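>>> Sequence and predicted structure, then a few things I'm wondering about:
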Amino acid sequence: MAKPTARFDSLAAAQGWSASDSPDGKRDKKAHPAFDIEKIFGESTFGLTEMRARLPKPVYKALVSTVEQGTELDPTVADAVALAMKEWALEKGATHFSHWFQPLTGSTAEKHDSFITPNAGGGAVAEFSGKELIQGEPDASSFPSGGLRATFEARGYTAWDPTSPAFVVTTAAGSYLAIPTAFASWTGEALDTKTPLLRSMHALDGQARRALKLFGVKARRVLATLGPEQEYFLIPEEYYYRRPDLVMTGRTLFGAQPPRGQELEDHYFGSIPERVLSYMMDVERELYKLGVPVKTRHNEVAPAQYEIAPIYENANVAADHQQLTMITMRNVARKYGLVCLMHEKPFAGVNGSGKHLNWSLGTESMNLLEPGDDPHTNMQFLFFCVAAIRAVDKHQGLVRATVAHAGNDHRLGANEAPPAIISVFLGDQLNDVLQQISENGSAKTSKQGGLLGLGAPVLPHLPRHAGDRNRTSPFAFTGNKFEFRALGSSQSISWPATVLNTIMAESIDDMSTALEAELAKGTAFEEALLALLAREIKEHNRIIFNGDGYSEEWQQEAGRRGLLNLRNTVDALEYLKEPQNAELFEKYGVLSHRELESRHEVALEIYFKMVNIEGETTADIASTMILPAAIRYLNELLAVADRSKTLGVTGTGVLGTVQAVSTLVDELRVSLDKLVAQNAELGGDDLESKVHHMRDNIVPSMLAVRSAVDRLEKVVPDDFWPLPTYRDMLFVK
């Protein structure tokens, strides 16, 4: 009889946590005490409140001007800020400081230096200077650069970002000060995601304020704002470490569909299991300390899938906070015997995970994408809304490329995520207003939602929106913002936000230029504006689609409209090479031509490496775990068949099972041999040929191996199967 395997660890996984246990495993009735959000919010950040209390007034005012108005940083304030920041961090128990930056890997990086400096008396003092605050010098040799620098050239610089507050990271063993920074090469080229994002915010600010002047509005600053909704899975770590595919790639490369998936639709918004709810509360408590304004939590569609979402913040801080959110979620999960999975498709057959990026822009006093009760009369809103529509239509390939990576290829285009075709959803009310302007030169009315009665006198009448939502749209207007729904769960939001800001800056620039030209001719403002809006709506109407983005009819209609349907990462990334994109980024000072080329090369390199790792892992698991398990079972079946023959027993069922298993083993062997050969091939010498090899040969070969393995899982006994199954991982809470 075979030795029982990980397949039988469900009980251990379910017993890995109890409500009476504290996160560190010690029993404590007060393991999860209530906390005062207002009291703890931001307590681990060196924000404006802390600065006001610790800095000299002139220094504080200079720093506030930089943070709130985007004025140039006065370097003379650095020493005073560094001293105050150090004293604050030491009070929090910090022993080290780190410049915290975001290289082109899409995650974060840090190098820790101690505050301690030996003195002449044999002791030590804690020191931290303005120079150390402003500039760091991490080794840049092993970060992806896309050709911006040679591997042997190691020098890189980090530069303090005063607009994003420093924070203290606290662990069971101690604390350290983390300082958000930009990351650049010795030649000054951006090696990170923060620098282009800040540049794009500056470009958008300038063009938006220019447009507002035409409407008679003076604004100190216009900020892009972001609110990313993060989807994720939680599974017991008991299973995670027994699945080499999860450990190596973040997703399951094998897994037969269990009898039950998400078809009962009972998980979505369902009651949150206590273990998961305790985890969520712990995550929120840690994020509140870091000043991250998380707002929403709930069960998502798939079993074991959940979501967390914050309130809007300016784009730069939101991007930093999104990285902190992902780090915190992963770290806290381990306290509860769980692992947080953020791959876009960790499990086949159930919904994958996305990251909806809610994007808007506004001044210190107004949201520029707020339509009001009567959008047809809100000409300022219509100007910015049409500018966004124009931007997405003109740069649909670039927008699609921002969400292109290997993990997202499993989602985009499937009936669980937005299609690979970029389109804009407006809703009935706004679509009607724009149609009126396009057809008649002006809009006279706005559809109203009215009140919704529910038929029971005890229930209130609800104000109904003038239009419904559309979950199949990749770029949907949702009341006072656009929701870019095509991002992958594991993705940094900085690059998509950078592109949205930049194309919006260009669109506002072009429309403002056209409007200014008409005004210079003596045309009345409203007349010129309506003519401009009508022209732009007609020219870019093809991108507007309010129907079912999952339907085959839309695929055909989109083709007739001339919209792009970029079904995979390799096709989408080609659009980063278009000359118009290089011109766009250079014009607005967001990326140089070399910096854009580097992003394209890094994206291709990451795709190649991810798929290559998946291919090698697939072959390894199939060869060393699945195939031996199936052969052991086949050997046992053959032994039974031999004994049956000796005893004169027909054994028809045994022989039929032998044939079924043997056929699948043969199929697995053939497909595995092909995958091993393709893995060895790698596809050529240059990066682009390697990437095409991954897409065209490795991915199909992996799927063929998986097909045989998943069918074997349905016939090989539990005590032979070496991997935890979907039934275990998705339903043990």
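Here it is on my side, so go on.
>>> Surely residue 339 is in a helix?
No - assessed with DSSP: H, G, I helix; E, B strand; the rest coil, residue 339 is strand; it does not lie in a helix.
>>> any idea of the pLDDT on it?
On pLDDT, residue 339 comes in at 96.
>>> what's near enough to touch it?
Residues counted as contacts of residue 339 (CB atoms under 8 Å, 6 or more residues apart in numbering) are 234, 235, 236, 237, 240, 246, 330, 333. Backbone N, C-alpha and C define where each C-beta goes, glycine included.
>>> Just to check, the second one is in contact with residue 730?
Just to be clear, that refers to residue 235. Yes - between residue 235 and residue 730 there is a contact under CB atoms under 8 Å: 7.5 Å.
>>> Name the residues contacting each of these two.
Residues touching both residue 235 and residue 730 (CB under 8 Å, 6+ apart) are residue 304.
>>> Surely residue 181 forms part of a strand?
Yes - judged by three-state DSSP, residue 181 forms part of a strand.
>>> hmm, back to that, which two from the contacts of residue 339 end up farthest apart in space?
Across the contacts of residue 339, no pair lies farther apart than 236 and 330, at 14.9 Å, counting by CB to CB.
>>> Between those two, tell me which one has more neighbours.
Using other CB atoms under 10 Å as the criterion, residue 236 and residue 330 rank with residue 236 on top: 27 against 16.
>>> Give the bridge partners for that one, please.
For residue 236, the beta-bridge partners are residue 338 (DSSP bridges).
>>> what's the nearest residue to residue 349 if we skip its chain neighbours?
In space, and not counting its chain neighbours, residue 349 is closest to residue 257: 4.6 Å by CB to CB, 6 or more residues apart in numbering.
>>> Make sure the one you found is indeed in a strand.
No - under three-state DSSP, residue 257 sits outside any strand and is assigned coil.
>>> tell me the contacts of residue 650?
By CB under 8 Å, 6+ apart, residue 650 lies in contact with residue 644.
>>> Is it within a helix or a strand, and which one?
Residue 650 is part of no helix or strand, with elements assigned from DSSP states H and E.
>>> And it, how close does it get to residue 662?
19 Å (CB to CB, to the nearest Å).
>>> Same question for residue 668.
Using CB to CB, one gets 11 Å for the distance from residue 668 to residue 662.
>>> quick one, which of the two is more surrounded?
More crowded of residue 668 and residue 662, by other CB under 10 Å: residue 668, with 24 against 15.
>>> ok, that one touching residue 630?
Yes - in this structure, residue 668 is within contact of residue 630 by CB under 8 Å, at 7.1 Å.
>>> what touches both of the two?
Each of residue 712 lies in contact with both residue 668 and residue 630 under the rule CB under 8 Å, 6+ apart.
>>> Can you read off the pLDDT for the residue sitting nearest the centre point of the chain?
In the chain, the C-alpha nearest the mean C-alpha coordinate belongs to residue 491, at 3.3 Å (CA atoms, centre = their mean). Here, the pLDDT recorded for residue 491 equals 96.
>>> ranges for the helices of the stretch 51-200 of the chain?
57-69, 78-91, 130-134, 194-214 (DSSP state H, counting those that start in this stretch).
>>> Compare these and give me the one nearest residue 617.
helix 194-214 (31.8 Å).
>>> For the closest one, give the mean pLDDT please.
On average, the pLDDT along helix 194-214 is 97.
>>> Also stretch 387-403?
Averaged over stretch 387-403, pLDDT sits at 97.
>>> ditto for stretch 722-732
What stretch 722-732 shows for mean pLDDT is 92.
>>> and the end-to-end length of it?
Using CA to CA, to the nearest Å, one end of stretch 722-732 lies 18 Å from the other.
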